[in-house]
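# Provide a 3D model corresponding to the input given below.
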Amino acid sequence: MAGGDEVKEVRNQQVLARDYISAIPVESDMYLNTSSTIKLRVPDDDDCQEAMLLKNLYLSCDPYMRGVKHSDDAASSTLQDRIVFFATDKPIVGYGVSKVVDSKHPEFKAGDLVWGITKWEEYTLIKNTQSFFKINHTDVPLSYYTGILGMPGMTAYAGFYEVCNPKKGEYVYVSSAFGAVGQLVGQFAKLMGCYVVGSAGSQEKVDILKNKFGFDEAFNYKEEADLAAALKRYFPQGIDIYFENVGGKMLDAVLLNMRLHGRIAVCGMISQYNFEQHQGVTNLMHLVYNRVRMEGFFVPDFYHLYPKFLDLVVPYIKQGNITYAEDIVEGLENGPASLVRLFSGRNAGKAVVVVARD
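The predicted structure is shown next:
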């Protein structure tokens, strides 16, 4: 915007957190603020020399929003751990797809479409653009950049291909397989010629894993009294690759079923996010017995591979080789309900909140 132009000021509706979240989120943990306004220009402040002003289009609801630090009570070593996703009377923070309204950054200009870490509000001033990627492929749904072509897609790609080093014909197990990451890991594995089993929390999701996403088998973990026995039933020869999204009792059961030289990519542990005292894991010696490599990973460490990732996944999407499910709600005011539904397992795909379509 030209410096002499009159700066337009508009309403900036926001979803704020009432306090830090210490349990499973409920809608009353969040509230809608309709009184905030914002000027549609990047300020001339010293800390805004490379800032950009975004109009948020799509917001992502993700499990990690509960899994990382929710109060600023200690120093953290990673970028995402330094982000407070729920802070008292502040907009919720999360990944989203946005349009640049104004920019002082040389790599972003007004009109550009981007994805990265933004806030749950109509407009956001971004002073640190480190986490943002310009969207060049606009012949696929923009909402995909909250999922399959954004952080969850990169997570699936990095964990499966880079951490697990898969080989054709291997036996792959994916927990929380209906999630935004798990559904992609399973399909990547099938495209590579692996045998794939996933677990989910309802029969409906199990049916979708097998009939829509192409998993060889799937089961409802809630109906299995003995998880180790269930895994033995589906993997009589053992598991080569486990994509870990759950932790706790599921991880303990998997450790009893890993094959020699198996690999475990630790993406998350959603079963533990709401415990103040995490559950212990008792079968770790099986890592030694079977020479299993278990490795945690942090997706921003792999963002330099994003162009390579797009070269693989965009053709898969266009050719119909990958199926992707979204659970989309319209309106920022419906964001809290969507987030709560995710943590209760009632989402029907990647949870996305539409703030604006353009």
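
# The helix or strand containing residue 259: partners in the sheet, and parallel or antiparallel?
Applying DSSP states H and E as the criterion places residue 259 in strand 258-266. Note on strand 258-266: by DSSP bridges, its sheet partners are strand 239-244 (parallel), strand 293-296 (parallel).

# right, so of these, which gets closest to residue 218?
strand 239-244 (13.7 Å; CB to CB). Just so you know, the C-beta spots here come from the backbone N, C-alpha and C atoms, and that holds for glycine as well.

# As PDB, could you dump the C-alpha coordinates of the closest one?
Backbone C-alpha positions of strand 239-244 (Å, rounded to 0.1, in the frame of the first residue of the first chain) are rendered in PDB as follows:
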ATOM      1  CA  ILE A 239       6.000 -55.300  12.300                       C
ATOM      2  CA  ASP A 240       8.800 -53.700  10.300                       C
ATOM      3  CA  ILE A 241       7.600 -50.100  10.600                       C
ATOM      4  CA  TYR A 242       5.500 -48.500  13.300                       C
ATOM      5  CA  PHE A 243       4.300 -44.900  12.800                       C
ATOM      6  CA  GLU A 244       3.700 -43.900  16.400                       C
END
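
# who's in contact with the very next helix or strand once past it?
Later in the chain than strand 239-244, the nearest helix or strand by DSSP H and E is helix 248-255. Applying CB atoms under 8 Å, 6 or more residues apart in numbering, the contact partners of helix 248-255 are 173, 175, 199, 221, 227-228, 230-231, 239, 242, 244, 264, 269, 271-272, 278-279, 281-284, 286-287, 292.

# got the buried residues for helix 248-255?
Residues 248, 250, 251, 252, 253, 254, 255 are the ones in helix 248-255 that count as buried (16 or more other CB atoms under 10 Å).

# Taking strand 239-244 as reference, get the angle to that helix.
Angle of helix 248-255 versus strand 239-244, following axes from the mean of the first three to the mean of the last three CA atoms, to 10 degrees, is 160 degrees.

# Relative to the whole chain's centre, how far out is helix 248-255?
On the basis of CA atoms, centre = their mean, to the nearest Å, helix 248-255 sits 22 Å off its chain's mean C-alpha point.

# pLDDT on it, on average?
The average pLDDT for helix 248-255 rounds to 94.

# could I get that helix in CSV with only the CA atoms?
Backbone C-alpha positions of helix 248-255 (Å, rounded to 0.1, in the frame of the first residue of the first chain) are rendered in CSV as follows:
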residue,chain,number,x,y,z
GLY,A,248,1.1,-45.5,26.3
LYS,A,249,-0.4,-49.0,26.1
MET,A,250,-0.4,-49.0,22.3
LEU,A,251,3.4,-48.4,22.2
ASP,A,252,3.9,-51.1,24.9
ALA,A,253,1.9,-53.6,22.8
VAL,A,254,3.8,-52.7,19.6
LEU,A,255,7.2,-53.3,21.2
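
# still on that earlier bit, out of the contacts of helix 248-255, which are inside helices?
Counting by DSSP state H, the contacts of helix 248-255 place 227, 228, 230, 231, 286, 287 in helices.

# What is the burial count for the nearest residue to residue 343 once chain neighbours are set aside?
Spatial nearest neighbour of residue 343, chain neighbours left out: residue 24 (5.3 Å); criterion: CB to CB, 6 or more residues apart in numbering. Residue 24 is flanked by 12 other residues according to other CB atoms under 10 Å.

# Which of the helices or strands spans residue 54?
strand 52-60.

# Could you name the helices and strands sitting against that strand?
Here strand 52-60 touches strand 93-103, strand 113-119, strand 123-126, strand 350-354, going by 3 or more CB pairs under 8 Å, 6 or more residues apart in numbering; DSSP states H and E.

# looking at those, which is buried most?
Stretch with highest mean neighbour count among the helices and strands packed on strand 52-60: strand 350-354 (a mean of 25; mean count of other CB atoms under 10 Å).

# Looking at the ones in helices among the contacts of helix 248-255, state which has the most neighbours.
Neighbour-wise, the ones in helices among the contacts of helix 248-255 (other CB under 10 Å) top out at residue 231, 24 neighbours.

# is it true that it touches residue 239?
Yes: look at residue 231 against residue 239 with CB atoms under 8 Å: they come within range, at 7.0 Å.

# Taking the centroid of the chain, which residue is nearest it?
Most central in the chain under CA atoms, centre = their mean is residue 152, positioned 4.1 Å from the mean C-alpha point.

# Show me what the helix or strand in which that residue is found is packed up against.
Assessed by DSSP H and E, residue 152 sits inside helix 151-157. If you count contacts as 3+ CB pairs under 8 Å, 6+ apart, helix 151-157 packs onto helix 182-191, helix 306-318.

# Dump those to CSV, plus mean neighbour count, mean pLDDT and distance to residue 341.
Shown next, in CSV, are these (neighbours: other CB atoms under 10 Å; pLDDT from 0 to 100; distance: least, CB to CB, whole Å):
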stretch, mean neighbour count, mean pLDDT, distance to residue 341
helix 182-191, 26, 97, 17
helix 306-318, 15, 97, 25
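
# Can I get those helices in TSV including distance to residue 139?
Converted to TSV, these look like this (distance: least, CB to CB, whole Å):
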stretch	distance to residue 139
helix 182-191	20
helix 306-318	8
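
# of all the ones you listed, which lies closest to residue 65?
The nearest among these, by CB to CB, is helix 182-191 at 16.8 Å.

# Distance check, the nearest residue to residue 49 once chain neighbours are set aside against residue 91.
Excluding the flanking residues, the one nearest residue 49 by CB to CB, 6+ apart is residue 104, at 6.1 Å. For residue 104, the distance to residue 91 equals 22 Å [CB to CB, to the nearest Å].
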